[in-house]
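**Q** got a structure for you, letters missing:
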(Lines give C-alpha, C1' and ligand atoms only; values in the text may rest on other atoms or scores of the structure.)
Protein backbone atom coordinates (compact mmCIF):
# COMPACT_ATOMS: atom_id res chain seq x y z
CA UNK A 1 0.00 0.00 0.00
CA UNK A 2 1.29 3.45 -0.93
CA UNK A 3 2.46 5.56 2.00
CA UNK A 4 0.20 8.44 3.11
CA UNK A 5 2.11 11.73 2.82
CA UNK A 6 1.53 13.81 5.98
CA UNK A 7 2.47 17.48 6.33
CA UNK A 8 2.89 18.27 10.03
CA UNK A 9 3.12 22.01 10.80
CA UNK A 10 3.93 22.15 14.53
CA UNK A 11 6.43 24.29 16.42
CA UNK A 12 6.40 22.23 19.65
CA UNK A 13 9.15 19.58 19.49
CA UNK A 14 7.41 17.49 22.15
CA UNK A 15 4.03 17.48 20.33
CA UNK A 16 5.70 16.82 16.97
CA UNK A 17 7.63 13.82 18.40
CA UNK A 18 4.38 12.48 19.92
CA UNK A 19 2.55 12.69 16.58
CA UNK A 20 5.42 10.94 14.78
CA UNK A 21 5.44 8.12 17.34
CA UNK A 22 1.69 7.57 16.97
CA UNK A 23 2.01 7.39 13.18
CA UNK A 24 5.09 5.19 12.89
CA UNK A 25 3.46 2.60 15.18
CA UNK A 26 1.68 -0.30 13.51
CA UNK A 27 -1.38 1.36 11.97
CA UNK A 28 -4.81 0.17 13.01
CA UNK A 29 -5.87 0.99 9.44
CA UNK A 30 -3.03 -0.95 7.77
CA UNK A 31 -1.59 2.29 6.35
CA UNK A 32 1.97 3.63 6.47
CA UNK A 33 2.82 7.30 6.82
CA UNK A 34 5.59 9.54 5.54
CA UNK A 35 5.84 12.64 7.72
CA UNK A 36 7.13 16.04 6.53
CA UNK A 37 7.56 18.17 9.65
CA UNK A 38 8.03 21.95 9.70
CA UNK A 39 7.77 24.34 12.68
CA UNK A 40 6.74 27.44 10.69
CA UNK A 41 3.78 28.22 8.42
CA UNK A 42 6.01 29.61 5.65
CA UNK A 43 7.98 26.34 5.54
CA UNK A 44 4.75 24.32 5.40
CA UNK A 45 3.48 26.43 2.50
CA UNK A 46 6.76 25.86 0.64
CA UNK A 47 6.40 22.11 1.17
CA UNK A 48 2.92 22.19 -0.36
CA UNK A 49 4.36 23.82 -3.47
CA UNK A 50 7.06 21.15 -3.82
CA UNK A 51 5.46 17.86 -2.70
CA UNK A 52 2.30 15.83 -3.13
CA UNK A 53 0.62 15.86 0.28
CA UNK A 54 -2.36 13.69 1.29
CA UNK A 55 -3.26 15.26 4.63
CA UNK A 56 -2.20 18.26 6.76
CA UNK A 57 -1.86 18.25 10.57
CA UNK A 58 -1.85 21.90 11.59
CA UNK A 59 -1.14 23.71 14.85
CA UNK A 60 -2.95 27.08 14.86
CA UNK A 61 -0.30 28.87 16.95
CA UNK A 62 3.05 29.11 15.13
CA UNK A 63 6.03 31.49 15.28
CA UNK A 64 4.98 33.25 12.09
CA UNK A 65 1.17 32.91 12.26
CA UNK A 66 -1.59 32.52 14.83
CA UNK A 67 -5.26 31.61 15.05
CA UNK A 68 -7.74 31.06 12.23
CA UNK A 69 -5.53 33.08 9.86
CA UNK A 70 -3.10 30.13 9.94
CA UNK A 71 -5.87 27.83 8.73
CA UNK A 72 -7.00 30.31 6.07
CA UNK A 73 -3.46 30.52 4.67
CA UNK A 74 -3.09 26.74 4.42
CA UNK A 75 -6.62 26.14 3.08
CA UNK A 76 -6.15 28.88 0.49
CA UNK A 77 -2.97 27.28 -0.76
CA UNK A 78 -4.31 23.69 -0.78
CA UNK A 79 -8.14 23.69 -0.94
CA UNK A 80 -8.16 20.08 -2.14
CA UNK A 81 -6.13 18.64 0.79
CA UNK A 82 -7.85 17.61 4.07
CA UNK A 83 -6.72 19.57 7.15
CA UNK A 84 -6.82 18.39 10.76
CA UNK A 85 -6.30 21.13 13.33
CA UNK A 86 -4.22 20.24 16.41
CA UNK A 87 -4.51 22.59 19.35
CA UNK A 88 -3.98 22.76 23.06
CA UNK A 89 -6.97 25.09 23.39
CA UNK A 90 -10.04 23.45 24.89
CA UNK A 91 -12.28 25.84 23.00
CA UNK A 92 -15.41 24.58 21.23
CA UNK A 93 -15.84 27.97 19.52
CA UNK A 94 -12.39 27.68 17.92
CA UNK A 95 -13.20 24.10 16.90
CA UNK A 96 -16.47 25.14 15.28
CA UNK A 97 -14.85 28.07 13.47
CA UNK A 98 -11.95 25.91 12.25
CA UNK A 99 -14.34 23.36 10.71
CA UNK A 100 -16.45 26.14 9.15
CA UNK A 101 -13.29 27.63 7.56
CA UNK A 102 -12.24 24.41 5.86
CA UNK A 103 -10.76 22.00 8.43
CA UNK A 104 -11.96 18.41 8.17
CA UNK A 105 -11.43 17.70 11.86
CA UNK A 106 -10.26 19.22 15.15
CA UNK A 107 -8.27 17.36 17.83
CA UNK A 108 -7.20 18.63 21.25
CA UNK A 109 -3.61 17.60 21.89
CA UNK A 110 -4.48 16.50 25.42
CA UNK A 111 -6.85 13.82 24.06
CA UNK A 112 -4.50 12.63 21.31
CA UNK A 113 -3.55 8.95 21.03
CA UNK A 114 -2.55 6.54 18.28
CA UNK A 115 -6.06 5.31 17.51
CA UNK A 116 -7.72 8.74 17.52
CA UNK A 117 -5.04 10.28 15.28
CA UNK A 118 -4.95 7.50 12.69
CA UNK A 119 -8.72 7.23 12.56
CA UNK A 120 -9.03 11.02 12.16
CA UNK A 121 -6.56 10.98 9.25
CA UNK A 122 -8.36 8.17 7.45
CA UNK A 123 -11.80 9.75 7.92
CA UNK A 124 -10.53 13.21 6.91
CA UNK A 125 -9.10 11.83 3.66
CA UNK A 126 -12.35 10.01 2.87
CA UNK A 127 -14.52 13.05 3.70
CA UNK A 128 -12.37 15.34 1.60
CA UNK A 129 -12.43 12.91 -1.31
CA UNK A 130 -16.24 12.72 -1.11
CA UNK A 131 -16.45 16.51 -0.83
CA UNK A 132 -14.27 17.00 -3.92
CA UNK A 133 -16.28 14.39 -5.88
CA UNK A 134 -19.51 16.14 -4.90
CA UNK A 135 -18.10 19.54 -5.83
CA UNK A 136 -16.97 18.20 -9.21
CA UNK A 137 -20.38 16.66 -9.86
CA UNK A 138 -22.09 19.93 -8.85
CA UNK A 139 -19.87 21.93 -11.20
CA UNK A 140 -20.62 19.52 -14.05
CA UNK A 141 -24.36 19.84 -13.36
CA UNK A 142 -24.04 23.63 -13.36
CA UNK A 143 -22.25 23.48 -16.71
CA UNK A 144 -24.96 21.23 -18.14
CA UNK A 145 -27.66 23.52 -16.74
CA UNK A 146 -25.92 26.53 -18.27
CA UNK A 147 -25.64 24.76 -21.63
CA UNK A 148 -29.35 23.91 -21.42
CA UNK A 149 -30.24 27.53 -20.60
CA UNK A 150 -28.08 28.84 -23.46
CA UNK A 151 -29.66 26.33 -25.85
CA UNK A 152 -33.19 27.28 -24.76
CA UNK A 153 -32.36 30.99 -25.05
CA UNK A 154 -30.84 30.58 -28.52
CA UNK A 155 -33.71 28.47 -29.86
CA UNK A 156 -36.29 30.85 -28.38
CA UNK A 157 -34.61 33.85 -30.01
CA UNK A 158 -34.45 32.04 -33.36
CA UNK A 159 -38.15 31.14 -33.15
CA UNK A 160 -39.30 34.69 -32.44
CA UNK A 161 -38.71 36.13 -35.93
CA UNK A 162 -40.50 33.41 -37.96
CA UNK A 163 -43.34 33.38 -35.40
CA UNK A 164 -43.79 37.14 -35.83
CA UNK A 165 -43.86 36.75 -39.63
CA UNK A 166 -46.42 33.91 -39.48
CA UNK A 167 -48.62 35.86 -37.05
CA UNK A 168 -48.57 38.96 -39.24
CA UNK A 169 -49.53 36.90 -42.29
CA UNK A 170 -52.49 35.25 -40.50
CA UNK A 171 -53.62 38.63 -39.11
CA UNK A 172 -53.60 40.18 -42.56
CA UNK A 173 -55.74 37.29 -43.90
CA UNK A 174 -58.23 37.74 -41.02
CA UNK A 175 -58.37 41.51 -41.67
CA UNK A 176 -59.20 40.87 -45.34
CA UNK A 177 -56.05 42.57 -46.62
CA UNK A 178 -55.20 39.54 -48.78
CA UNK A 179 -58.68 38.99 -50.15
CA UNK A 180 -62.03 37.77 -48.83
CA UNK A 181 -62.27 34.55 -46.77
CA UNK A 182 -65.12 32.20 -45.93
CA UNK A 183 -66.59 31.71 -42.47
CA UNK A 184 -64.91 28.30 -42.15
CA UNK A 185 -61.54 29.76 -43.19
CA UNK A 186 -61.98 32.55 -40.60
CA UNK A 187 -62.66 29.95 -37.91
CA UNK A 188 -59.49 27.99 -38.70
CA UNK A 189 -57.37 31.12 -39.06
CA UNK A 190 -58.60 32.37 -35.66
CA UNK A 191 -57.63 29.01 -34.11
CA UNK A 192 -54.22 29.34 -35.80
CA UNK A 193 -53.74 32.84 -34.39
CA UNK A 194 -54.61 31.65 -30.87
CA UNK A 195 -52.10 28.81 -31.22
CA UNK A 196 -49.40 31.23 -32.37
CA UNK A 197 -50.10 33.49 -29.38
CA UNK A 198 -49.86 30.53 -26.99
CA UNK A 199 -46.55 29.52 -28.55
CA UNK A 200 -45.29 33.11 -28.31
CA UNK A 201 -46.17 33.06 -24.62
CA UNK A 202 -44.15 29.88 -24.14
CA UNK A 203 -41.18 31.40 -25.98
CA UNK A 204 -41.35 34.54 -23.82
CA UNK A 205 -41.48 32.46 -20.64
CA UNK A 206 -38.43 30.44 -21.74
CA UNK A 207 -36.51 33.61 -22.52
CA UNK A 208 -37.46 35.24 -19.20
CA UNK A 209 -36.43 32.13 -17.26
CA UNK A 210 -33.09 31.81 -19.05
CA UNK A 211 -32.33 35.50 -18.35
CA UNK A 212 -33.22 35.12 -14.67
CA UNK A 213 -30.99 32.07 -14.33
CA UNK A 214 -28.11 33.83 -16.07
CA UNK A 215 -28.51 36.94 -13.89
CA UNK A 216 -29.13 39.06 -16.99
CA UNK A 217 -32.48 40.54 -15.94
CA UNK A 218 -32.18 44.23 -15.19
CA UNK A 219 -34.93 45.92 -13.22
CA UNK A 220 -35.67 49.58 -13.80
CA UNK A 221 -37.03 50.81 -10.48
CA UNK A 222 -39.09 53.98 -10.05
CA UNK A 223 -41.71 55.15 -7.59
CA UNK A 224 -44.86 53.24 -8.60
CA UNK A 225 -48.34 52.79 -7.15
CA UNK A 226 -49.00 49.06 -6.64
CA UNK A 227 -52.74 49.70 -6.14
CA UNK A 228 -52.96 51.45 -9.52
CA UNK A 229 -51.07 48.58 -11.19
CA UNK A 230 -53.43 46.02 -9.62
CA UNK A 231 -56.49 47.98 -10.77
CA UNK A 232 -55.18 48.13 -14.35
CA UNK A 233 -54.48 44.39 -14.42
CA UNK A 234 -57.93 43.54 -13.01
CA UNK A 235 -59.58 45.91 -15.51
CA UNK A 236 -57.90 44.10 -18.42
CA UNK A 237 -58.79 40.60 -17.15
CA UNK A 238 -62.40 41.62 -16.44
CA UNK A 239 -62.98 41.79 -20.19
CA UNK A 240 -61.51 38.32 -20.87
CA UNK A 241 -63.65 35.48 -22.21
CA UNK A 242 -62.77 33.17 -19.29
CA UNK A 243 -63.94 35.68 -16.65
CA UNK A 244 -67.14 36.52 -18.50
CA UNK A 245 -67.94 32.86 -19.15
CA UNK A 246 -67.38 31.80 -15.53
CA UNK A 247 -68.99 35.00 -14.17
CA UNK A 248 -66.05 35.50 -11.81
CA UNK A 249 -65.95 38.51 -9.51
CA UNK A 250 -62.54 40.22 -9.79
CA UNK A 251 -61.71 42.93 -7.27
CA UNK A 252 -58.91 44.88 -5.62
CA UNK A 253 -58.81 45.85 -1.95
CA UNK A 254 -56.10 48.09 -0.45
CA UNK A 255 -55.42 49.36 3.06
CA UNK A 256 -54.31 52.70 1.55
CA UNK A 257 -55.62 54.44 -1.62
CA UNK A 258 -52.07 54.75 -3.00
CA UNK A 259 -49.39 52.18 -2.19
CA UNK A 260 -46.13 53.67 -3.40
CA UNK A 261 -43.13 51.40 -3.88
CA UNK A 262 -39.70 51.75 -5.41
CA UNK A 263 -40.05 49.00 -7.99
CA UNK A 264 -40.10 48.05 -11.65
CA UNK A 265 -43.65 48.72 -12.84
CA UNK A 266 -43.45 46.35 -15.83
CA UNK A 267 -42.04 43.50 -13.76
CA UNK A 268 -44.69 43.89 -11.01
CA UNK A 269 -47.35 43.96 -13.72
CA UNK A 270 -45.90 40.71 -15.09
CA UNK A 271 -46.13 39.11 -11.62
CA UNK A 272 -49.75 40.18 -11.09
CA UNK A 273 -50.75 39.14 -14.62
CA UNK A 274 -49.24 35.71 -14.02
CA UNK A 275 -50.79 35.21 -10.57
CA UNK A 276 -54.20 36.55 -11.60
CA UNK A 277 -54.15 34.51 -14.83
CA UNK A 278 -53.41 31.32 -12.87
CA UNK A 279 -56.15 32.10 -10.34
CA UNK A 280 -58.71 32.58 -13.14
CA UNK A 281 -57.61 29.33 -14.85
CA UNK A 282 -58.13 27.24 -11.73
CA UNK A 283 -61.30 28.93 -10.45
CA UNK A 284 -64.58 27.74 -11.94
CA UNK A 285 -66.86 30.01 -9.91
CA UNK A 286 -66.72 32.61 -7.19
CA UNK A 287 -64.11 35.35 -6.96
CA UNK A 288 -60.48 36.33 -7.35
CA UNK A 289 -59.20 39.15 -5.13
CA UNK A 290 -55.99 41.15 -5.10
CA UNK A 291 -55.43 42.47 -1.57
CA UNK A 292 -52.72 45.04 -0.86
CA UNK A 293 -51.77 45.65 2.77
CA UNK A 294 -49.35 48.25 4.13
CA UNK A 295 -46.95 46.86 6.74
CA UNK A 296 -44.42 48.85 8.78
CA UNK A 297 -41.51 48.51 6.34
CA UNK A 298 -43.13 46.39 3.65
CA UNK A 299 -46.10 46.03 1.37
CA UNK A 300 -47.86 42.67 1.32
CA UNK A 301 -49.89 41.59 -1.70
CA UNK A 302 -52.25 38.59 -1.87
CA UNK A 303 -53.84 37.09 -4.98
CA UNK A 304 -56.57 34.87 -3.55
CA UNK A 305 -59.19 32.73 -5.28
CA UNK A 306 -62.07 30.38 -4.47
CA UNK A 307 -60.80 27.73 -6.87
CA UNK A 308 -59.76 24.10 -6.63
CA UNK A 309 -56.68 24.71 -4.45
CA UNK A 310 -53.36 22.87 -4.40
CA UNK A 311 -52.64 19.49 -2.82
CA UNK A 312 -50.31 19.27 0.18
CA UNK A 313 -47.85 17.15 -1.81
CA UNK A 314 -47.58 19.85 -4.50
CA UNK A 315 -47.14 22.91 -2.25
CA UNK A 316 -43.34 22.56 -1.80
CA UNK A 317 -42.90 22.30 -5.59
CA UNK A 318 -45.12 25.20 -6.66
CA UNK A 319 -42.26 27.55 -7.57
CA UNK A 320 -40.08 24.90 -9.25
CA UNK A 321 -39.39 25.17 -12.98
CA UNK A 322 -41.71 23.21 -15.29
CA UNK A 323 -43.87 21.99 -12.39
CA UNK A 324 -47.55 21.87 -13.33
CA UNK A 325 -49.56 20.81 -10.32
CA UNK A 326 -52.92 19.16 -10.83
CA UNK A 327 -52.41 18.70 -14.58
CA UNK A 328 -54.03 15.68 -16.18
CA UNK A 329 -53.19 14.15 -19.59
CA UNK A 330 -55.16 15.26 -22.60
CA UNK A 331 -56.96 18.54 -23.32
CA UNK A 332 -57.43 21.11 -20.59
CA UNK A 333 -55.47 23.80 -18.80
CA UNK A 334 -51.91 23.86 -20.06
CA UNK A 335 -48.87 26.05 -19.66
CA UNK A 336 -45.08 25.99 -19.52
CA UNK A 337 -44.82 25.55 -15.77
CA UNK A 338 -42.45 28.53 -15.70
CA UNK A 339 -44.77 31.36 -14.70
CA UNK A 340 -44.48 30.95 -10.93
CA UNK A 341 -40.70 30.44 -11.15
CA UNK A 342 -40.48 33.72 -13.06
CA UNK A 343 -42.66 35.45 -10.42
CA UNK A 344 -40.35 34.18 -7.69
CA UNK A 345 -37.28 35.45 -9.55
CA UNK A 346 -38.81 38.91 -10.08
CA UNK A 347 -39.90 39.29 -6.44
CA UNK A 348 -36.45 38.24 -5.22
CA UNK A 349 -34.85 40.83 -7.53
CA UNK A 350 -36.90 43.37 -5.57
CA UNK A 351 -35.44 41.99 -2.28
CA UNK A 352 -38.82 40.45 -1.45
CA UNK A 353 -40.23 36.96 -0.91
CA UNK A 354 -43.19 35.01 -2.28
CA UNK A 355 -45.10 32.03 -0.92
CA UNK A 356 -48.45 30.23 -1.22
CA UNK A 357 -51.15 29.09 1.18
CA UNK A 358 -53.71 26.63 -0.15
CA UNK A 359 -56.03 23.73 0.61
CA UNK A 360 -57.73 21.42 -1.90
CA UNK A 361 -61.22 22.67 -2.85
CA UNK A 362 -60.81 25.76 -0.64
CA UNK A 363 -58.87 28.02 -2.97
CA UNK A 364 -55.33 29.39 -2.98
CA UNK A 365 -53.65 32.59 -1.88
CA UNK A 366 -50.34 33.56 -3.44
CA UNK A 367 -48.62 36.19 -1.30
CA UNK A 368 -45.56 38.35 -1.75
CA UNK A 369 -43.74 40.99 0.29
CA UNK A 370 -41.74 43.90 -1.12
CA UNK A 371 -39.74 46.37 1.01
CA UNK A 372 -41.23 49.81 1.60
CA UNK A 373 -38.40 52.28 2.12
CA UNK A 374 -38.16 55.35 4.31
CA UNK A 375 -37.25 58.50 2.34
CA UNK A 376 -33.57 58.20 3.29
CA UNK A 377 -33.52 54.48 2.38
CA UNK A 378 -35.28 55.34 -0.87
CA UNK A 379 -32.65 57.95 -1.73
CA UNK A 380 -29.93 55.37 -1.00
CA UNK A 381 -31.54 52.72 -3.23
CA UNK A 382 -31.97 55.23 -6.07
CA UNK A 383 -28.36 56.39 -5.80
CA UNK A 384 -27.15 52.77 -5.68
CA UNK A 385 -29.19 51.88 -8.81
CA UNK A 386 -27.91 54.86 -10.80
CA UNK A 387 -24.30 54.24 -9.78
CA UNK A 388 -24.69 50.63 -10.98
CA UNK A 389 -26.09 51.78 -14.32
CA UNK A 390 -23.30 54.35 -14.72
CA UNK A 391 -20.62 51.72 -14.10
CA UNK A 392 -22.11 49.47 -16.79
CA UNK A 393 -22.37 52.36 -19.24
CA UNK A 394 -18.96 53.78 -18.25
CA UNK A 395 -20.38 57.26 -17.70
CA UNK A 396 -20.71 59.81 -14.90
CA UNK A 397 -23.83 60.59 -12.89
CA UNK A 398 -24.54 63.52 -10.56
CA UNK A 399 -26.91 63.99 -7.63
CA UNK A 400 -28.37 67.18 -6.15
CA UNK A 401 -29.87 67.21 -2.66
CA UNK A 402 -32.42 69.96 -1.96
CA UNK A 403 -33.02 70.83 1.70
CA UNK A 404 -35.89 73.10 2.77
CA UNK A 405 -35.89 74.80 6.19
CA UNK A 406 -39.44 75.88 7.05
CA UNK A 407 -40.48 78.00 10.06
CA UNK A 408 -43.94 76.36 10.28
CA UNK A 409 -43.79 73.06 8.42
CA UNK A 410 -47.34 72.00 9.38
CA UNK A 411 -49.20 75.05 8.05
CA UNK A 412 -51.31 74.57 4.93
CA UNK A 413 -49.46 77.38 3.11
CA UNK A 414 -46.07 75.83 3.92
CA UNK A 415 -47.17 72.35 2.78
CA UNK A 416 -48.40 73.77 -0.53
CA UNK A 417 -45.20 75.78 -1.01
CA UNK A 418 -43.01 72.74 -0.23
CA UNK A 419 -44.89 70.72 -2.86
CA UNK A 420 -44.65 73.52 -5.41
CA UNK A 421 -40.90 73.89 -4.83
CA UNK A 422 -40.37 70.19 -5.48
CA UNK A 423 -42.43 70.34 -8.67
CA UNK A 424 -40.52 73.45 -9.77
CA UNK A 425 -37.21 71.65 -9.28
CA UNK A 426 -38.54 68.84 -11.46
CA UNK A 427 -39.68 71.24 -14.21
CA UNK A 428 -36.23 72.86 -14.20
CA UNK A 429 -34.67 69.58 -15.38
CA UNK A 430 -34.85 69.46 -19.16
CA UNK A 431 -33.85 65.89 -20.05
CA UNK A 432 -36.18 62.88 -19.91
CA UNK A 433 -33.54 60.74 -18.16
CA UNK A 434 -33.27 63.13 -15.19
CA UNK A 435 -35.56 62.50 -12.22
CA UNK A 436 -36.65 64.21 -8.99
CA UNK A 437 -37.74 62.17 -5.96
CA UNK A 438 -39.28 63.34 -2.68
CA UNK A 439 -41.63 66.03 -4.00
CA UNK A 440 -43.81 67.19 -1.12
CA UNK A 441 -41.08 66.68 1.50
CA UNK A 442 -38.41 68.94 2.96
CA UNK A 443 -35.70 66.78 1.37
CA UNK A 444 -35.67 66.22 -2.38
CA UNK A 445 -33.22 64.27 -4.56
CA UNK A 446 -32.46 65.10 -8.19
CA UNK A 447 -30.58 62.56 -10.35
CA UNK A 448 -28.76 63.81 -13.46
CA UNK A 449 -27.89 60.84 -15.66
CA UNK A 450 -24.75 60.92 -17.83
CA UNK A 451 -23.74 64.25 -16.27
CA UNK A 452 -20.35 65.18 -14.86
CA UNK A 453 -20.17 67.23 -11.67
CA UNK A 454 -18.88 70.20 -13.69
CA UNK A 455 -21.95 70.17 -15.97
CA UNK A 456 -24.24 69.49 -13.00
CA UNK A 457 -23.21 72.80 -11.42
CA UNK A 458 -25.02 74.58 -14.27
CA UNK A 459 -28.23 72.66 -13.44
CA UNK A 460 -27.73 73.33 -9.71
CA UNK A 461 -27.50 77.10 -10.40
CA UNK A 462 -30.61 76.97 -12.61
CA UNK A 463 -32.62 75.18 -9.88
CA UNK A 464 -31.45 77.61 -7.18
CA UNK A 465 -32.41 80.65 -9.27
CA UNK A 466 -35.85 79.23 -10.12
CA UNK A 467 -36.62 78.37 -6.48
CA UNK A 468 -35.43 81.75 -5.16
CA UNK A 469 -37.55 83.60 -7.74
CA UNK A 470 -40.59 81.56 -6.64
CA UNK A 471 -40.00 82.35 -2.94
CA UNK A 472 -39.60 86.09 -3.67
CA UNK A 473 -42.71 86.14 -5.85
CA UNK A 474 -44.79 84.35 -3.20
CA UNK A 475 -43.18 86.43 -0.40
CA UNK A 476 -41.97 83.28 1.35
CA UNK A 477 -38.21 83.94 1.29
CA UNK A 478 -38.19 84.77 5.02
CA UNK A 479 -40.18 81.65 5.98
CA UNK A 480 -38.52 79.04 3.75
CA UNK A 481 -34.76 78.70 3.25
CA UNK A 482 -33.27 76.49 0.57
CA UNK A 483 -29.95 74.69 0.45
CA UNK A 484 -28.60 72.65 -2.46
CA UNK A 485 -25.77 70.13 -2.19
CA UNK A 486 -24.09 68.57 -5.21
CA UNK A 487 -22.14 65.29 -5.51
CA UNK A 488 -20.84 63.49 -8.56
CA UNK A 489 -19.95 59.88 -9.26
CA UNK A 490 -17.16 58.79 -9.38
CA UNK A 491 -15.53 62.09 -8.32
CA UNK A 492 -17.10 62.31 -4.83
CA UNK A 493 -17.41 58.61 -4.03
CA UNK A 494 -17.82 55.15 -5.51
CA UNK A 495 -20.50 53.90 -3.07
CA UNK A 496 -24.04 55.11 -2.34
CA UNK A 497 -23.18 55.73 1.32
CA UNK A 498 -20.40 58.16 0.37
CA UNK A 499 -22.71 60.13 -1.94
CA UNK A 500 -25.53 60.17 0.65
CA UNK A 501 -23.23 61.76 3.25
CA UNK A 502 -22.40 64.60 0.90
CA UNK A 503 -25.91 65.53 -0.20
CA UNK A 504 -28.34 64.45 2.55
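**A** Structure received. These figures come from a predicted structure and were not determined experimentally. Numbering: from 1, shown residues only.
**Q** what packs against the helix or strand containing residue 304?
**A** Per DSSP states H and E, residue 304 falls inside strand 298-305. Counting contacts by 3 or more Cβ pairs under 8 Å, 6 or more residues apart in numbering; DSSP states H and E, strand 298-305 packs against helix 226-238, helix 265-281, strand 287-294, strand 364-371. Every residue, glycine included, has its C-beta placed from N, CA and C.
**Q** what's the mean pLDDT across stretch 143-157?
**A** Mean pLDDT, stretch 143-157: 73.
**Q** run through who's touching it.
**A** By Cβ atoms under 8 Å, 6 or more residues apart in numbering, the surrounding residues in contact with stretch 143-157 are 203, 206-207, 209-211, 213-214.
**Q** where does the protein have low pLDDT?
**A** For the chain, residues meeting the criterion pLDDT under 70 lie at 1, 25-31, 89-92, 153, 156, 324-336.
**Q** I'd like the helices and strands packed on strand 298-305 laid out as a markdown table, including distance to residue 60.
**A** What follows is the helices and strands packed on strand 298-305, written out as a markdown table (distance: least, Cβ to Cβ, whole Å):
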| stretch | distance to residue 60 |
| --- | --- |
| helix 226-238 | 53 |
| helix 265-281 | 49 |
| strand 287-294 | 52 |
| strand 364-371 | 42 |
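**Q** with distance to residue 462 and mean neighbour count as extra columns, can I get these in a markdown table?
**A** Formatted as a markdown table, the helices and strands packed on strand 298-305 follow (distance: least, Cβ to Cβ, whole Å; neighbours: other Cβ atoms under 10 Å):
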| stretch | distance to residue 462 | mean neighbour count |
| --- | --- | --- |
| helix 226-238 | 32 | 18 |
| helix 265-281 | 29 | 20 |
| strand 287-294 | 37 | 19 |
| strand 364-371 | 34 | 21 |
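**Q** next helix or strand past the longest helix belonging to the chain?
**A** Using DSSP state H, we find that the single longest helix of the chain is helix 114-174. Next along the chain after helix 114-174, taking DSSP H and E as the criterion, comes helix 183-214.
**Q** so which elements touch that following helix?
**A** Packed next to helix 183-214, using 3+ Cβ pairs under 8 Å, 6+ apart, are helix 114-174, helix 339-349.
**Q** same thing but 10 Å
**A** helix 114-174, helix 265-281, helix 339-349 (3 or more Cβ pairs under 10 Å, 6 or more residues apart in numbering; DSSP states H and E).
**Q** got the angle for that helix vs helix 339-349?
**A** 40 degrees (axes from the mean of the first three to the mean of the last three Cα atoms, to 10 degrees).
**Q** helix 183-214 to helix 265-281, inter-axis angle?
**A** Angle, helix 183-214 to helix 265-281, by the same axes, to 10 degrees: 120 degrees.
**Q** report the angle between the axes of helix 183-214 and helix 114-174?
**A** 150 degrees.
**Q** buried residues, helix 183-214. List them.
**A** Neighbour-count burial for helix 183-214, counted by 16 or more other Cβ atoms under 10 Å, picks out 189, 192-193, 196, 202-213.
**Q** ditto for stretch 36-54
**A** Buried residues in stretch 36-54 (16+ other Cβ under 10 Å): 36-39, 41, 44-45, 47-48, 53-54.
**Q** first to last residue in it, what's the distance?
**A** End-to-end distance for stretch 36-54, by Cα to Cα, to the nearest Å: 11 Å.
**Q** among the helices and strands packed on strand 298-305, which comes closest to residue 458?
**A** helix 265-281 (31.2 Å; Cβ to Cβ).
**Q** so the closest one versus strand 364-371, what angle?
**A** 170 degrees.
**Q** ok, the closest residue to residue 393 other than its chain neighbours - how many residues close by?
**A** Among residues not flanking residue 393 along the chain, residue 450 sits closest, at 7.5 Å (Cβ to Cβ, 6 or more residues apart in numbering). Residues contacting residue 450 under the criterion other Cβ atoms under 10 Å number 15.
**Q** how far away is residue 450 from residue 71?
**A** The gap separating residue 450 from residue 71 is 47 Å, by Cβ to Cβ, to the nearest Å.
**Q** list of residues touching stretch 492-504?
**A** Outside stretch 492-504, the residues that touch it by Cβ atoms under 10 Å, 6 or more residues apart in numbering are 375-376, 379-388, 391, 397-403, 443, 445-446, 453, 484-490.
**Q** if we go to 7 Å?
**A** With contact meaning Cβ atoms under 7 Å, 6 or more residues apart in numbering, stretch 492-504 is reached by 376, 379-380, 383-384, 387, 399-401, 443, 485, 487, 489.
**Q** list the buried residues in it.
**A** In stretch 492-504, counting by 16+ other Cβ under 10 Å, buried: 492-493, 496, 499-500, 503-504.
**Q** okay, these in a markdown table with secondary structure and distance to residue 427 next?
**A** Putting those into a markdown table (DSSP: H, G, I helix; E, B strand; the rest coil; distance: Cβ to Cβ, whole Å) gives the following:
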| residue | secondary structure | distance to residue 427 |
| --- | --- | --- |
| 492 | coil | 26 |
| 493 | coil | 28 |
| 496 | helix | 27 |
| 499 | helix | 24 |
| 500 | helix | 25 |
| 503 | helix | 20 |
| 504 | coil | 23 |
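**Q** that older thread, distance-wise, check the residue nearest to residue 393 relative to residue 35.
**A** Going from residue 450 to residue 35 by Cβ to Cβ gives 64 Å.
**Q** ok, residue 483 next?
**A** Separation of residue 483 from residue 35 (Cβ to Cβ) stands at 72 Å.
**Q** any idea which of the contacts of stretch 143-157 is closest to residue 94?
**A** Among the contacts of stretch 143-157, residue 213 lies closest to residue 94 (Cβ to Cβ), at 39.4 Å.
**Q** name the nearest residue to that closest one, ignoring sequence neighbours.
**A** Of all residues not flanking residue 213 in the chain, residue 149 sits nearest, at 5.1 Å (Cβ to Cβ, 6+ apart).
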